[in-house]
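In: pasting the sequence and the predicted coordinates here, then a few questions.
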Amino acid sequence: MSDDARATRPPRPAERPLEDGIRYGPEPWREIEGVCFCHWDRWLLRLALTEPRGLDGMARELRARAASRRVSSDGAEAMLAQVADLRGRLARLARTPEEVLDAEERASEWLLKKAFKRVWHAGPNRRTDAMRNTPRRRLEARALRGNWPRLPVSPARFERALRDVAGVDGYYDHRATDLLAFLVENRIDVLLVTAASDLERMALHRGAMTAVIEMMEQVDDSFARMSEVFRASERAYLDLARAHAGLDGVLRDLLELAVWEDLGLICQVEAFLGALPEEHANLAVRELAAIIAELRRERLDYQLARALMLRRAVLAPWG
């Protein structure tokens, strides 16, 4: 039979398409007892029937892909987050994949082939909320500003004032980056005049660190001018934080930022941690224990290694 004939022959009964039109994945598929499922769920459930360990086996393969340099870790992590979300909904209903799929879906080779292609090869181009809010993205966002409500003074208003200097659009080449760095430094100096206490000055420099981290996506920092701006605020922040490390949220916020900042900007935190008095060192160890447990649970190995390194820095002076 020619290729053209194969392409135009009608599907066998077992291959009858079960979707009336294109499905990208996030569209609603089925609702059971108020719990909603999408087409990504449908495809994952159908694949789980062919996997000896079901969704657990699929999660294991996705974790391996997320850790591999040969494939896109972002896509694998997104799919892994969907599997975790799906398992939670199945647990709420106390149902198995076999019980959520109907008899035709369980038997459909067409659905199996479609699911295999979409999950293992096409990648999640159209994403669900769970896929967008992966553990990595959620914890990274928290490290940038998620702990601020706990701090004595929130850095939010200072960070917004500094982000306005660069705006949210546009790109700065190495020549324009020098000017941008000057403008940011000038704005920091102006804001320092309005800061009425050490806690407000801490908030200003903490806001500056997050602002610069996000600006790095818009600049060519070949001459390290924005890096200099960051490190000046890091140094000023740590100088002020020595007297206030015991206040609620201060160490947790600093430690999470140090764990998740991956541009090589932070360079003074380990020395700061190694010089903490015993009371604050004990608090840092407790905060790091919670951070390390969370990173282990989410299997975020690179950030886990950073957290373990920070713990060694805290404990080094105490033998």
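Out: Cool, got the structure.

In: and the most centrally placed residue in the chain, what helix or strand is that in?
Out: For the chain, Arg137 is the residue whose C-alpha lies nearest the centre (C-alpha atoms, centre = their mean; 1.4 Å). Counting by DSSP states H and E, the element that carries Arg137 is helix 135-141.

In: repeat for Leu55
Out: helix 54-67.

In: show me the contact partners of that helix.
Out: By C-beta atoms under 8 Å, 6 or more residues apart in numbering, the surrounding residues in contact with helix 54-67 are 44, 47-48, 51, 53, 71, 73, 76-77, 79-80, 83-84, 86-87, 97, 119, 299, 301. Yep, even glycine has a C-beta here, placed from its N, CA and C like the rest.

In: would you list the phi and psi of Gln268?
Out: The phi and psi values for Gln268, taken as degrees, to the nearest 10, are phi -120, psi 0.

In: next up, the contacts around Leu90.
Out: By C-beta under 8 Å, 6+ apart, Leu90 lies in contact with Thr96, Pro97, Val100.

In: looking at those residues, which is nearest Pro26?
Out: The shortest gap between Pro26 and any of those belongs to Val100, at 17.4 Å (C-beta to C-beta).

In: that closest one: how many residues sit nearby?
Out: The number of residues packed around Val100, counting by other C-beta atoms under 10 Å, is 22.

In: list the contacts for it?
Out: Contacts here follow C-beta under 8 Å, 6+ apart; on that basis Val100 touches Arg30, Ile32, Phe37, Asp41, Leu45, Leu90, Leu93.

In: same question, Phe272
Out: So Phe272 contacts Leu238, Ala241, Arg242 (C-beta under 8 Å, 6+ apart).

In: for whatever helix or strand it lives in, give the mean pLDDT please.
Out: For Phe272, the host element (DSSP H and E) is helix 269-274. What helix 269-274 shows for mean pLDDT is 98.

In: let me know the next secondary structure element after it.
Out: Scanning forward in sequence from helix 269-274 by DSSP H and E, the next helix or strand is helix 278-298.

In: for the helix or strand following that following helix, name the packing helices and strands.
Out: The element immediately downstream of helix 278-298 (helix or strand, assigned by DSSP H and E) is helix 301-315. Secondary-structure packing of helix 301-315 (3 or more C-beta pairs under 8 Å, 6 or more residues apart in numbering; DSSP states H and E): helix 250-260, helix 269-274, helix 278-298.

In: between these, which one is closest to Asp20.
Out: Nearest of the helices and strands packed on helix 301-315 (C-beta to C-beta): helix 278-298, 37.7 Å.

In: now the helix or strand hosting Ala176: average pLDDT?
Out: Counting by DSSP H and E, the secondary-structure element that holds Ala176 is helix 174-194. Mean per-residue pLDDT for helix 174-194: 96.
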